[in-house]
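> predicted model follows, preceded by the sequence.
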Amino acid sequence: MIPFDPAESAFVLGAFTVAGFVKGVAGFGLPTVTLGLLALTRPLPEAMALMLVPTLATNIWQSLVGPALVPALRRLWPFLLAAVLGTFAGAGILARSDAVLLSGLLGLLLILSAVLALGGLPMPAPTPARERWLGPLVGGTAGLLTGMTGSFLMPAAPYLAALKLPPQHFVQGFGLGALLATLALGLGMAGAGLLPADLGLASLVGVAPAFLGMALGTRVRRAMPAARFRTVIQAALGLVGVWLAFRAFA
């Protein structure tokens, strides 16, 4: 059994609550925020195992409920299929790699996400011909990084934003990608012996605080501009990324 003292338990529950709050306001970010916080105190593979069930639970609703499911699947299936295959490959790399270096890679991804978001540097919209090969390439890259770090954010979110999808299509498309990649990550980690039963049970505990945070975040979203909140969150994640990268590479 992997030990958690009371302070660590409180920190883990708080991390899920904060991550759920961010997802409630911004519509995404639960696994990235959870991993960014948990990786400060736990090895990255443990943090990834802990975030699996809350991420699955919150993305099921986001991805499967709504009118854009079929159109999103019709347009994004090459991207989604490549993301699943890439995640399996990334989970294999995770099993053979130094977890500290991979947490540093997560830190670099958080820094890159913050720079792109705060700098207002969107990806250019691809032409239909380019989308046919760029979608699988980006999906495979996002999946590979998900398998190695647990975060599906980069480069999936900037790519989907560049497609200029209608809002509901973006929400459900990103949710589908995160859901499928997280399922593949769980299967890949289990196959590699990186998903102990005790961490799987501990992950269940994170579901309630994640949904509590989402409920609070949804209420706050109605009272404040989401863009301002995203700016604060991206800046905070960037700082967490700097610390993870410094700890791994300095």
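Received the coordinates, thanks. Everything numeric in this text was worked out from a predicted model, so none of it was measured. Residues are numbered from 1 along each chain as shown.

> need the outlier residue of the protein, farthest from its centre.
Of all residues in the chain, Ala129 has its C-alpha farthest from the mean position, at 28.3 Å, by C-alpha atoms, centre = their mean.

> tell me the pLDDT at that residue?
You'll see Ala129 listed with a pLDDT of 93.

> same deal with the one 10 residues further on?
Note for Gly139: predicted pLDDT of 97.

> which SS class is it?
Of the three states, Gly139 takes helix under DSSP: H, G, I helix; E, B strand; the rest coil.

> kindly report the same for the one 5 residues further on.
The three-state label given to Leu144 by three-state DSSP is helix.

> quick check: it touching Gly90?
Yes. At 4.3 Å, Leu144 counts as touching Gly90 under the criterion of C-beta atoms under 8 Å. All C-beta spots, glycine's among them, are computed from the backbone N, C-alpha and C.

> between these two, who's got more neighbours?
Gly90 (27 against 21; other C-beta atoms under 10 Å).

> for the chain, which segments count as helices?
6-26, 30-38, 44-64, 69-95, 99-119, 128-149, 156-162, 167-191, 197-205, 207-221, 226-249 (DSSP state H).

> what's the distance between the residue farthest from the centre of the chain and Gly29?
Distance of Ala129 to Gly29, given as C-beta to C-beta, to the nearest Å: 32 Å.

> do the same with Ala223
For Ala223 relative to Gly29 (C-beta to C-beta), the value is 19 Å.

> those two: which has the busier surroundings?
Gly29 (26 against 6).

> tell me if I'm right that that one and Ala19 touch.
Yes. Assessed by C-beta under 8 Å, Gly29 is found in contact with Ala19 at 7.0 Å.
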